[in-house]
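In: Would you be able to build a 3D model of this:
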Amino acid sequence: MPTASKDTDPAGVDRSQPLLEWVESQKKKVAYFYDSDIGNYAYVTGHPMKPHRIRLAHSLVMNYNVYKYLEVYRAKPAVTAEMTQFHTDEYIEFLQKVTPDNMDTFMREQGKYNVGDDCPVFDGLFEFCGISAGGSMEGAARLNRNKCDIAINWAGGLHHAKKSEASGFCYVNDIVLAILELLRFKKRVLYIDIDVHHGDGVEEAFYTTDRVMTVSFHKYGEYFPGTGELRDIGIGAGKNYAVNFPLRDGIDDNSYKSIFEPVIEAVMKYFQPEAVVLQCGGDSLSGDRLGCFNLSMRGHANCVKFVRSFNLPTLVLGGGGYTMRNVARTWAYETGRLVGVEMNPVLPYNEYYDYYGPDYELDVRASNMENANHNEYLEKIKIAVIENLKKTIPVPSVQMQDVPRQGLGLSDDQEDEMDDIDQDENPDVRMTQRQHDKHISNTAEYEESDDEDMAVANNGVFKPKTKGNARLNIMDFQNPNAARDDEMEVDSGVATPAAKEIDGATDNDETMLEEPDADVTVEAVEPPAEPPKPVEDAAPQPQEPAAPEPAKVDNDGDVDMAEADDKPAETTIKTEEVDQNARDVERRKSPAAEPERPSPEAAAAPAAKEPTEPPVGESDQKEQEVATS
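Out: Numbers count the residues shown, from 1 in each chain. Take a look at the predicted model:
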């Protein structure tokens, strides 16, 4: 019996299988922060940090329908007064004032604040920092008010920024700002960093306190930022509350799991945090441009899944990651795991579908890179780390005081007021955009709601029709084992394109977007090798052999196929008529030139191909008689 026809998307992929499958019995209330402007910022031409990757990840979240189980928010960008809770006033004032147009007048400040090579000045720098920090701080505020169990801000996680200094592509340390917000209500906060680089900015900020424990798994050695050795454990009251696990090149999923889970379990046992901040830098994935680890997407996501299992208020942030398609896949997949779903390995069609070729799958595979982290080495470091954790004070006491200042974000009364205003302004709308973003679909519903048009219109969801000077630079350490998908990329220097302009997207981090152009060029240049026939047919006189017709080739060397197909016959005839008429007039005026005749052998070839030409004048008739004799 023939099977029924299945729905396919524009890429021809079968869509009869569900995009999601619930795998976690315990559901979480997840707040997801995203600002659509984030993808419009670009550092400088050729810079490996591309905020456009956050837009790619968001597109997958939307097209996998994960958004139906999230509360989607656009946070208010952080302002100067909020940033200066950690950073100095002078530094934030400099970030607010400096632009590419006036940066020459701030040369002294650029050196002072380490703004230049790794951390360039670009258009909208301060606004970009505000969006990144605003999402993390608002997520922390919602966790404080028990408005959600998990908050996600993939635009955050910029862990290298210091109190008055930019570092490693990071200008404002949104993580420190978010932890400070959590500390208003939480006695102890745990920070976990799985970026390939050491989380030096966050560790430095809380190096002397026992209320924040920082745990970082990172590459250590000849590598940026050069900090984070095993003996860096904190000082003063913060002694033993800074945990560093130095790693070597090529660590794989099994080795990473064998150290991550025991260490985090010991941290939870001895420190007993009341909230967790997890930085999910994607540069620890296999094949990253600046990374040197060999984690697969699922190996990376296993860390997120393990932290989720402790059922603590958790803020999940982005971070590094410089191969866009891999970062987008991983963060989208981890969003699904935080909700509690497993996503279909075949990617749904979306506006950035071509970025994920040639396999078009939701997966980042490990390579055959050698793992320099031997079991003996990992076991030795793990034992030392756990021994340090045992030296911490069991559940450090915290003197409780009145909660200082008003919390960030909107209060409950302000949110209720916003809801009332939204309803008053949209009396005839069944579900407004604000209500749609906050709505979480009920998994027990048999059919989808009829709000899919809003998702398509507003969220881009596709709906099927059926080492110098003691300072290290992060870009000094390129990954020689990475898939060099950036070698052929074209950088126009313009800002990252909007979501609808993927065909013209510059610097897309994908070689496969370049290949079609290369193929077209090869096929288009080959046809000129075959024009000898039209050229011979167009030869008007035997004494002047006709040259190849150059009109079919443009000035830049490309062949105009339209001209080659439509115009050559007409152009050849006109040229020949003009040449023959001119020669007839010349022969009549100078009879001395008449006896000069070509040999019969030379004339035979063109004469045989002349029947299509009408005779012009008596001289042509005589030439034809001689040729035939």
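In: Check which helix or strand Val127 maps to.
Out: Just so we're on the same page, residue 127 is Glu rather than Val. According to DSSP states H and E, Glu127 maps onto helix 125-144.
In: so Tyr256 sits right up against Leu295, yeah?
Out: Yes - the pair Tyr256 and Leu295 passes the contact test of CB atoms under 8 Å, sitting 6.1 Å apart. The C-beta positions use only the backbone N, C-alpha and C, and glycine is treated the same way.
In: Looking at these two, which has the bigger crowd around it?
Out: Higher neighbour count among Tyr256 and Leu295: Leu295, with 28 against 25, using other CB atoms under 10 Å.
In: partner residues bridging the more buried one?
Out: Each beta-bridge partner of Leu295 is listed here, defined by DSSP bridges: Leu285.
In: Please verify my assumption that it contacts Asp252.
Out: Yes - with contact defined as CB under 8 Å, Leu295 counts as touching Asp252 (7.0 Å).
In: Could I get the average pLDDT for the very next helix or strand once past the helix holding Glu127?
Out: Following helix 125-144 in sequence order, the next helix or strand is strand 150-153 (DSSP H and E). Taken as a whole, strand 150-153 has an average pLDDT of 98.
In: just checking, Met103 touches Pro120?
Out: No - using CB under 8 Å, Met103 and Pro120 do not qualify as a contacting pair, with a distance of 9.1 Å.
In: picking up where we left off before, what residues are shared contacts of Leu295 and Asp252?
Out: Common contacts of Leu295 and Asp252, defined by CB atoms under 8 Å, 6 or more residues apart in numbering, comprise Ala366.
In: how about the nearest residue to Val395, chain neighbours excluded?
Out: Leaving aside its chain neighbours, Val395 sits nearest to Gln272 (5.2 Å; criterion: CB to CB, 6 or more residues apart in numbering).
In: likewise Cys292?
Out: Closest residue to Cys292 in three dimensions, ignoring its sequence neighbours and counting by CB to CB, 6+ apart: Asp249, at 4.6 Å.
In: From Leu230, how far out is the one you found?
Out: According to CB to CB, to the nearest Å, Asp249 and Leu230 sit 17 Å apart.
In: cool, Phe306 as well?
Out: When Phe306 is compared with Leu230 (using CB to CB), they lie 22 Å apart.
In: Just the CA coordinates for stretch 165-180, please, in CSV.
Out: Output in CSV follows, covering the C-alpha atoms of stretch 165-180 (Å, rounded to 0.1, in the frame of the first residue of the first chain):
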residue,chain,number,x,y,z
GLU,A,165,40.5,47.6,30.9
ALA,A,166,39.2,45.8,27.9
SER,A,167,40.7,42.4,27.1
GLY,A,168,40.1,39.4,24.8
PHE,A,169,37.3,41.0,22.7
CYS,A,170,35.5,41.9,26.0
TYR,A,171,34.8,45.5,27.1
VAL,A,172,32.1,45.3,29.8
ASN,A,173,32.0,42.3,32.1
ASP,A,174,28.4,41.4,32.1
ILE,A,175,29.1,38.3,34.2
VAL,A,176,30.4,40.3,37.2
LEU,A,177,27.5,42.7,36.9
ALA,A,178,25.0,39.7,36.9
ILE,A,179,26.7,38.1,39.9
LEU,A,180,26.6,41.3,41.9
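In: Tell me which stretches of the stretch 101-250 of the chain form helices.
Out: In order along the chain, the stretch 101-250 of the chain carries the following helices (DSSP state H, counting those that start in this stretch): 107-112, 125-144, 174-182, 200-205.
In: The stretch 351-500 of the chain too?
Out: Applying DSSP H, counting those that start in this stretch to the stretch 351-500 of the chain gives helices spanning 375-390, 412-425, 433-438, 452-459.
In: Dump those helices to TSV, plus mean neighbour count and mean pLDDT.
Out: As requested, these are arranged in TSV below (neighbours: other CB atoms under 10 Å; pLDDT from 0 to 100):
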stretch	mean neighbour count	mean pLDDT
helix 375-390	15	96
helix 412-425	11	76
helix 433-438	16	70
helix 452-459	14	57
